[in-house]
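Novice: sharing a model that was predicted from the sequence below.
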Amino acid sequence: MTPSQYRRFSEIRDRMRNYIDTLQRDNLWILGIQRELYRIKGYDEMELETPIVYNRSLDEVTEESDLQYIIVADNPGIQEQKAEHQRYLIGQAGKLAASWFRTNLDMDFRTATIIINKTPVHTPKTAELRLLLRCAGERSAELAALLAESQKVMARVACELAGELQIPLWVSGLGELKSRGIFRPWAEEIRARCTEASASMRGRILLFRHFSMNQFAIEYAKALREEGRPSSPTTTSATRALLERIGAKNRVAILGI
C-alpha cells in the first residue's frame, strides 16, 4: 500500500472497530437471546463468549501488506466469536478458501486478503440469524433494526475499502443477498452506492458462492467447463480474469448493476 492508502485504511478500520465495540457495549441484551438460540439448537453455551465480533486480523495489516482482495463473508460463527480467536473465516470455510487461493492464485489467503463480514452479530450458522430474531420475542423489531443497520454500515465500509485500496471486493455468498434474504439490507446499500459510483468501482464488486461445502470450488469448476477448459488456467492473471467474469455475472444477476 502507498502511505496514503495505509492511512485511509487505518482510518476506516479504526472507525469500524469503534463502531463494533460500541454496538457490543450498548447491546449486551443480545447475549441473552443468543443463549436462548444455543439452548434451542443444543449448542454448548460455554462456547458463547463474544456476541458481536470485530476481526482482530485487521489490526495486523501494515503499510507493507500486499493486499489483493477484500473478502466479504457473512457473519461470525462459533470459532470466530471465541475470545481466544475473534477472527473471521477461521473455520472449515476459511480452510477451503486458503487451500483454493494457494492452489489457484499462488497466494497466502491470510496475508493477501482482508476479511470483513456483512454483519458482526454472531450466530453459530448464518441461517440461524432468522432464529435469533424469533428468539428475541418482544425485542425482535429492535434486533431486526440493529441487524439491518449493521449491514448498511458494513456495506459502506466495504465500498470505502474497495475505493481506497483499488482492489476487488470478493463477496462470498449469493442466496441471502436476494430479495427475501437475511442480507438484503447489505445488498441494497451496496447497490445504492455502486449505482452512483464509477464503472471501474462497480467492476471491482465481484459476487461468488460460499467457500463452505466447496460451493465456490464447484462454481469455479463449472465456469471452466463452460469455457471449454479441462483445468484451471496456468497463469494467475488468467485465473483472475475468469474470476472477474464469474463475479461480474453474479453481480448483474443479484444486484442488477
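Specialist: Yep, that arrived.

Novice: when you work out contacts or count neighbours from here on, use the C-alpha atoms and nothing else.
Specialist: Fine.

Novice: isn't residue 124 right up against residue 82?
Specialist: No: in this structure, residue 124 is not within contact of residue 82 by C-alpha atoms under 8 Å, at 11.1 Å.

Novice: which one of these two is surrounded by more residues?
Specialist: Each of residue 124 and residue 82 had its neighbours counted (other C-alpha atoms under 10 Å), and the higher figure belongs to residue 124 (20 against 17).

Novice: which residue is the nearest non-sequential neighbour of that one?
Specialist: Distance criterion C-alpha to C-alpha, 6 or more residues apart in numbering; nearest residue to residue 124, sequence neighbours excluded, is residue 77 at 4.4 Å.

Novice: burial measure for that neighbour, as a count.
Specialist: Based on other C-alpha under 10 Å, the number of other residues close to residue 77 is 22.

Novice: for residue 178, same thing?
Specialist: Using other C-alpha under 10 Å, residue 178 has 16 neighbouring residues.

Novice: contacting residues for it?
Specialist: Residues near residue 178 by C-alpha atoms under 8 Å, 6 or more residues apart in numbering: 184, 187, 254.

Novice: please redo it, this time with the cut-off set to 6 Å
Specialist: For residue 178, the contact set (C-alpha atoms under 6 Å, 6 or more residues apart in numbering) is empty.

Novice: where do the helices of the stretch 151-257 of the chain begin and end?
Specialist: Ranges of helices in the stretch 151-257 of the chain, per DSSP state H, counting those that start in this stretch, are 184-196, 199-203, 215-226, 236-255.

Novice: show me where the stretch 101-250 of the chain has its strands.
Specialist: Secondary structure of the stretch 101-250 of the chain (DSSP state E, counting those that start in this stretch): strands located at 113-117, 169-172, 205-208.

Novice: just the CA atoms of the second one, as CSV, please.
Specialist: So the one you mean is strand 169-172. Output of strand 169-172 as CSV, limited to C-alpha atoms (Å, rounded to 0.1, in the frame of the first residue of the first chain):
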residue,chain,number,x,y,z
LEU,A,169,-14.3,-6.8,-3.4
TRP,A,170,-14.9,-10.5,-3.2
VAL,A,171,-18.4,-11.1,-1.8
SER,A,172,-18.9,-14.6,-0.6
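
Novice: what strands line up against it, and which way round?
Specialist: strand 69-73 (parallel), strand 205-208 (parallel) (DSSP bridges).

Novice: got the angle between the first one and strand 113-117?
Specialist: Here the directions of strand 69-73 and strand 113-117 differ by 30 degrees (axes from the mean of the first three to the mean of the last three C-alpha atoms, to 10 degrees).

Novice: let's test this: mean pLDDT of strand 69-73, rounded?
Specialist: Strand 69-73 carries an average pLDDT of 98.

Novice: likewise for stretch 244-257?
Specialist: On average, stretch 244-257 scores 95.

Novice: do the same with stretch 135-151
Specialist: Rounded mean pLDDT across stretch 135-151 is 97.

Novice: which residues touch the residue nearest to residue 124?
Specialist: Residues counted as contacts of residue 77 (C-alpha under 6 Å, 6+ apart) are 122, 123, 124, 125.

Novice: dump the residues you listed to a markdown table, plus distance to residue 197.
Specialist: As requested, the contacts of residue 77 are exported to a markdown table (distance: C-alpha to C-alpha, whole Å):
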| residue | distance to residue 197 |
| --- | --- |
| 122 | 31 |
| 123 | 33 |
| 124 | 35 |
| 125 | 33 |
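
Novice: which of those lies closest to residue 36?
Specialist: For those, the residue nearest residue 36 by C-alpha to C-alpha is residue 123; the value is 11.3 Å.

Novice: state the distance from that closest one to residue 59.
Specialist: Separation of residue 123 from residue 59 (C-alpha to C-alpha, to the nearest Å): 23 Å.
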